[in-house]
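Asks: I'll drop the sequence and a predicted model, then ask my questions.
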Number of protein chains: 2
Amino acid sequence: MYKLYGLSTSGNSYKVRLMLAHLGETYQWEEIPSSLVMPRTPEFLAINPNGKVPVLILPDGQPLAESDGILYYLGHGTPYLPEGRLEQAQVVGWMCFEQHSHEPYLALPRVLQRFPDDPRHADLPELYKKGYFALGVLEKHLSEHDFIVGEAYSVADMALFAYTHVAHEGGYDLAPYPAVGRWLQRVASQAGHIPITAPPGPVN
Amino acid sequence: MYKLYGLSTSGNSYKVRLMLAHLGETYQWEEIPSSLVMPRTPEFLAINPNGKVPVLILPDGQPLAESDGILYYLGHGTPYLPEGRLEQAQVVGWMCFEQHSHEPYLALPRVLQRFPDDPRHADLPELYKKGYFALGVLEKHLSEHDFIVGEAYSVADMALFAYTHVAHEGGYDLAPYPAVGRWLQRVASQAGHIPITAPPGPVN
């Protein structure tokens, strides 16, 4: 059985919970409190020196860090990872877009709502500027395609859905992005979909 | 033949030039000036709505953006991309680490050296703090492994080499990271290696 270290409210952790739900995989869950609330323990840093959740422990005990790398691993040999060379490279490219140009700007404003005294509130205008630019990139792509890669639902959609669909919790207005809105509904209607508020599976 | 849009001094563009050198591929090069010097043209935004270099144009005209996605594409079927399921997921995971936790902090200080009036100089202490943390993650990993994934040189090494080996140009001191230093030498000694200062291949 898989074991998943994560944070219930984290979009990066949700990506993996969503994929495991699609696959019908049971897993053991261990809640790791937010790094803004408490520093990472030596025990957790021994599992992931980068200190981030999620981390998936494979049945043989091997830890696998980085949410999008975990999605790629779980997607292997399933309909959720396209098989073509170009399509797989596009999945990797969109995952890197998500981690570099999208997630940093959509995730932090959402976290900051819970930490009103954090000095990074001063960064919000710049975060919104870059986040809206990323949403514009998505809007253009999704006005021409039903899904992120290869005209079928894949781990690339899960990677980008996680923080896009809760962007409003960080103060974003998605109304000017109608193609993104339709895609969010398309993703949420996939078989086996769970909301981010679904309780993580079997608690440790 | 491939066509590569890039910026000569960019580490992200260098990743692709390095991989093409390893493969012995000729390609057409088109220099795209720094986005700090001039805004992206409508022509370039039509190729990559995210406005970033590099972009590889495949022989059939298909554009492929995101440096690490391009590396993954070019690695397919070569010794530079491991074949195993776990190893490929680890490559993707380290690429996401690079784009999220490493490149943003190592690349920007280097760029700022050329733009002394940029207000982001005020962010340097925070950038260094996070960049040195990422170097610590790399140091731990490389003190236990010769290469990033699977004990062989791969596109994951290229992804992380690009900005690590020029970190000193942004003011970083790599002396406290001896395993990183040995790995940089190991990468630079691979067959077909080119330095970042090598002129990009056939100019348009």
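Replies: Nice, thanks for sending it over. Small disclaimer: the values here were computed from a predicted structure and weren't measured.

Asks: secondary structure class for A:Asp173?
Replies: coil (DSSP: H, G, I helix; E, B strand; the rest coil).

Asks: Quickly note the distance from it to A:Ser189.
Replies: 23 Å (C-beta to C-beta, to the nearest Å). All C-beta spots, glycine's among them, are computed from the backbone N, C-alpha and C.

Asks: Need the three-state assignment for the residue of chain A most remote from its centre.
Replies: Distance from the C-alpha centroid of chain A, by C-alpha atoms, centre = their mean, peaks at A:Asp117 (25.7 Å). For A:Asp117, the assignment made with three-state DSSP gives coil.

Asks: same question, A:Arg182
Replies: helix.

Asks: Can you give me the neighbour number for it?
Replies: By other C-beta atoms under 10 Å in any protein chain shown, 13 other residues sit near A:Arg182.

Asks: any idea how far it lies from chain B?
Replies: From A:Arg182 across to chain B, the span is 18 Å (C-beta to the nearest C-beta, to the nearest Å).

Asks: which residues does that residue contact?
Replies: Shown in contact with A:Arg182 (C-beta atoms under 8 Å, 6 or more residues apart in numbering or on different chains): A:Leu142.

Asks: Contacts only, for A:Leu56.
Replies: A:Tyr2, A:Lys3, A:Leu4, A:Tyr5, A:Val16, A:Pro63, A:Leu64, A:Ile70, A:Tyr73, A:Leu74.

Asks: go with 6 Å
Replies: Contacts for A:Leu56 were tallied using C-beta atoms under 6 Å, 6 or more residues apart in numbering or on different chains; they are A:Tyr2, A:Leu4, A:Leu64, A:Ile70.

Asks: got it, and A:Leu142?
Replies: A:Ala179, A:Val180, A:Trp183.

Asks: I figured the second one hits A:Lys140, correct?
Replies: No - using C-beta atoms under 6 Å, A:Val180 is not in contact with A:Lys140; the gap is 10.0 Å.

Asks: Which one's more surrounded, the two?
Replies: A side-by-side neighbour count of A:Val180 and A:Lys140, using other C-beta under 10 Å, places A:Val180 first with 21 against 16.

Asks: What strand or helix carries A:Asp146?
Replies: Assigned by DSSP states H and E, A:Asp146 falls within no helix or strand.

Asks: Give me the secondary structure label for the nearest residue in space to it that is not next to it in sequence.
Replies: Distance criterion C-beta to C-beta, 6 or more residues apart in numbering or on different chains; nearest residue to A:Asp146, sequence neighbours excluded, is A:Arg186 at 6.4 Å. Following three-state DSSP, the label given to A:Arg186 is helix.

Asks: Please report how far A:Arg186 lies from A:Ser143.
Replies: According to C-beta to C-beta, A:Arg186 and A:Ser143 sit 13 Å apart.

Asks: where along chain A do the helices fall?
Replies: For chain A, the helices defined by DSSP state H occupy A:11-23, A:42-47, A:67-75, A:85-97, A:103-112, A:124-142, A:155-164, A:178-188.

Asks: Take the ones you listed and lay them out in TSV including mean pLDDT and distance to B:Gly136.
Replies: Shown next, in TSV, are those (pLDDT from 0 to 100; distance: least, C-beta to C-beta, whole Å):
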stretch	mean pLDDT	distance to B:Gly136
helix A:11-23	98	21
helix A:42-47	95	10
helix A:67-75	98	20
helix A:85-97	98	22
helix A:103-112	97	20
helix A:124-142	98	26
helix A:155-164	98	26
helix A:178-188	98	36
